[in-house]
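Trainee: this is the structure alone, sequence omitted:
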């Protein structure tokens, strides 16, 4: 960042010369790249632009046209300004022709009424320039170091955006190609105002180059992507004035870091899924306020206001436990299938992985949408898109709610239904809490000490007996009760002869002190077995 003409006028050595701006005041913000002392009337052939020319005027032409040509030539080479010391050629004021010509082209012209050592001004200005260049170099080094560390650490997009906003002191927003906000930092401003109608506002801005400043909006925008595959834009919301080169460099460096990290983690979930997952996690953990959840979702193109919200959890019935990487890949693929089903059915929904086993959705239904029809359509679409998994997919649904503040309750209920429905018989399109019946109730109560006490009272002796003797009486009891107390059918299911199976039932009766011919005893034991199953899950 070079000093401006105004900065030069503020120097003590210049102020001692009693400077006065006589023309081109609107150009005082011009940067001064160098100071050039010359009395030559054709000095412009020695200039490159950005120089502050200093002279006494002793060699300037006398005629009006010559003075006008001198000023025009300085303006054409983009000189920063002209400083003329009074006393040698011009005593009280400069020629009107020179002043008028300078005012017309906006070239700052300054007079010095006291004799001044030009070399002292040159040294002072050059010191300013060197200090500014050093500061710019140090700032550039700090930017590169900060973003190199983020690149090495594989930082999340939100961290990169936060760092860019902090260093620029301005809001920074990362959007995808659909102009949906993936991450943002409001830099202390009101996020609601910052993101209001973001998609519409962003679509109005077209870039002619990869990085551009839009004077109408005051935005500095750069494209994010690498290897010919652009996937987003990074926007620095300015104050309306053209940004300094430092901010342009900062934004481009942040964009490079985002692009690099995207290449490094290309096998991980997409940024859209990552953003959705973060928001769903924020809903479940209360890490976002209701207003922030609503705002972030709307910025993603998913309005939650005035919608009926339904929590949905997807899980696979298969009990295999693949290696960690395989599990992550499976969950990522399953999540993308769910997102594809949402798009196919034209639903508005947040879609993301909740943990290693569950994919969560928060579906926002419009007033004209029928809840059951929407869920059945989604369930059919996801099974059609994943035919190999169709029989293993469990779609669990929470109760619909009317406001974002209740979305957590619907998601938690869907998670509980998924746990209970995992071992449910049948192939329902989706399950709600009433569909999982007693299993669902016991699952809801699994953290209640009274259920744990009940299970221990009913089955504790039998569990202890199996542990001590190495027997399998608890599974035999479960088979017997699941077959409606039909001993013959239960013996066949257990792959035992009837006498052997009957002997095991008698042993169960002795250990528990119950009569398995009594309906109430069997009902109590069956509930305890279902409770045990809920506790163990």
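Mentor: That came through, no problem. As the structure is a prediction and not an experimental result, all values here were calculated from the model.

Trainee: for this structure, which helix extends over the most residues?
Mentor: When the chain is parsed with DSSP state H, its longest helix is helix 118-153.

Trainee: remind me what that helix packs against, helices and strands.
Mentor: Contacts defined by 3 or more C-beta pairs under 8 Å, 6 or more residues apart in numbering; DSSP states H and E place helix 118-153 against helix 5-9, helix 12-15, strand 34-37, strand 51-55, helix 157-168, helix 245-264. For the C-beta atoms, the positions are set from N, CA and C on the backbone; glycine is no exception.

Trainee: what comes into contact with the second one?
Mentor: When contacts are taken as C-beta atoms under 8 Å, 6 or more residues apart in numbering, the neighbours of helix 12-15 outside the stretch itself are 8, 9, 112, 116, 117, 120, 121, 124.

Trainee: ditto for the third one
Mentor: Judged by C-beta under 8 Å, 6+ apart, the contacts made with strand 34-37 from elsewhere in the structure are 43, 46-47, 50-55, 118-119, 121-122, 125-126, 129.

Trainee: can you tell me the average pLDDT over that strand?
Mentor: What strand 34-37 shows for mean pLDDT is 90.

Trainee: isn't residue 340 up against residue 378?
Mentor: No - taking C-beta atoms under 8 Å as the definition, residue 340 is not a contact partner of residue 378, at 10.8 Å.

Trainee: higher neighbour count, these two?
Mentor: Counted by other C-beta atoms under 10 Å, residue 340 and residue 378 do not tie: residue 378 has more neighbours, with 25 against 15.

Trainee: residues contacting the more buried one?
Mentor: In this structure, residue 378 makes contact with 312, 341, 342, 345, 347, 363, 395, judged by C-beta under 8 Å, 6+ apart.

Trainee: again, but for residue 33
Mentor: The contact partners of residue 33, taken as C-beta under 8 Å, 6+ apart, are 2, 48, 49, 50, 51, 80, 129.

Trainee: please report how far it lies from residue 359.
Mentor: The spacing between residue 33 and residue 359, counted by C-beta to C-beta, to the nearest Å, is 58 Å.

Trainee: please apply the same query to residue 302.
Mentor: The gap separating residue 302 from residue 359 is 16 Å, by C-beta to C-beta.

Trainee: so between these two, which is more surrounded?
Mentor: Counted by other C-beta under 10 Å, residue 302 and residue 359 do not tie: residue 359 has more neighbours, with 28 against 22.

Trainee: so the more buried one bridges to which residues?
Mentor: Beta-bridge pairing for residue 359 (DSSP bridges): residue 314, residue 353.

Trainee: surely it and residue 332 touch.
Mentor: No - in this structure, residue 359 is not within contact of residue 332 by C-beta under 8 Å, at 9.8 Å.

Trainee: please enumerate the strands of this protein.
Mentor: With strands called from DSSP state E, the chain shows them at 19-23, 34-37, 51-55, 81-85, 109-112, 172-176, 181-185, 211-214, 219-226, 229-237, 308-316, 348-353, 359-365, 393-397.

Trainee: got the angle for the lowest-mean-pLDDT helix or strand in the chain vs strand 393-397?
Mentor: Every helix and strand of the chain was ranked by mean pLDDT, DSSP states H and E. The lowest is helix 433-444, at a mean of 75. Orientation check (axes from the mean of the first three to the mean of the last three C-alpha atoms, to 10 degrees): helix 433-444 against strand 393-397 gives 90 degrees.

Trainee: does anything pack onto helix 433-444? Which helices or strands?
Mentor: helix 407-421, helix 519-536.

Trainee: what's in contact with it?
Mentor: Contacts for helix 433-444 (C-beta under 8 Å, 6+ apart): 398-399, 413, 416-417, 419-421, 423-424, 428, 451, 527, 530-531, 533-534, 537.

Trainee: related to what we said a few turns ago, among the helices and strands packed on helix 433-444, show me which one is buried the most.
Mentor: Among the helices and strands packed on helix 433-444, helix 407-421 has the highest mean neighbour count (mean count of other C-beta atoms under 10 Å), at a mean of 23.

Trainee: can you give the distance of that one from its chain's centre?
Mentor: Distance, stretch centre to chain centre, for helix 407-421: 26 Å (C-alpha atoms, centre = their mean, to the nearest Å).

Trainee: give me the pLDDT value at residue 511.
Mentor: Residue-level pLDDT assigned to residue 511 equals 92.

Trainee: okay, it and residue 203: tell me how far apart.
Mentor: Distance check for residue 511 against residue 203: by C-beta to C-beta, it reads 72 Å.

Trainee: could the strands of the chain be laid out in CSV, adding distance to residue 515?
Mentor: Output for these, formatted as CSV (distance: least, C-beta to C-beta, whole Å):
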stretch, distance to residue 515
strand 19-23, 109
strand 34-37, 106
strand 51-55, 108
strand 81-85, 108
strand 109-112, 111
strand 172-176, 67
strand 181-185, 64
strand 211-214, 83
strand 219-226, 73
strand 229-237, 69
strand 308-316, 39
strand 348-353, 49
strand 359-365, 46
strand 393-397, 37
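
Trainee: compare those strands and give me the one nearest residue 468.
Mentor: The closest of those to residue 468 is strand 308-316. By C-beta to C-beta, the value is 35.4 Å.

Trainee: so what's residue 405 closest to, chain neighbours aside?
Mentor: residue 290 (4.6 Å; C-beta to C-beta, 6 or more residues apart in numbering).

Trainee: for the residue lying closest to residue 81 once chain neighbours are set aside, give its distance to residue 135.
Mentor: Computed as C-beta to C-beta, 6+ apart, the closest residue to residue 81 that is not its neighbour in sequence is residue 108, at 3.7 Å. Per C-beta to C-beta, residue 108 is found 24 Å from residue 135.

Trainee: more crowded one of these two?
Mentor: residue 108 (27 against 12).

Trainee: residues touching that one, list them.
Mentor: Taking C-beta under 8 Å, 6+ apart as the test, what residue 108 contacts is 5, 21, 23, 24, 25, 27, 28, 30, 80, 81, 82, 102.

Trainee: just the buried ones from these?
Mentor: Of the members of the contacts of residue 108, the ones counted as buried by neighbours, 16 or more other C-beta atoms under 10 Å, are 5, 21, 23, 24, 27, 28, 30, 80, 81, 82, 102.

Trainee: what is the nearest of these to residue 152?
Mentor: Set against residue 152, the nearest of the buried ones among the contacts of residue 108 by C-beta to C-beta is residue 30 (40.4 Å).

Trainee: ok, that closest one - contacts?
Mentor: Contacts of residue 30 by C-beta under 8 Å, 6+ apart are 4, 5, 50, 80, 81, 108.

Trainee: and it, backbone torsions?
Mentor: Taking degrees, to the nearest 10, you get phi -60, psi 140 for the backbone angles of residue 30.
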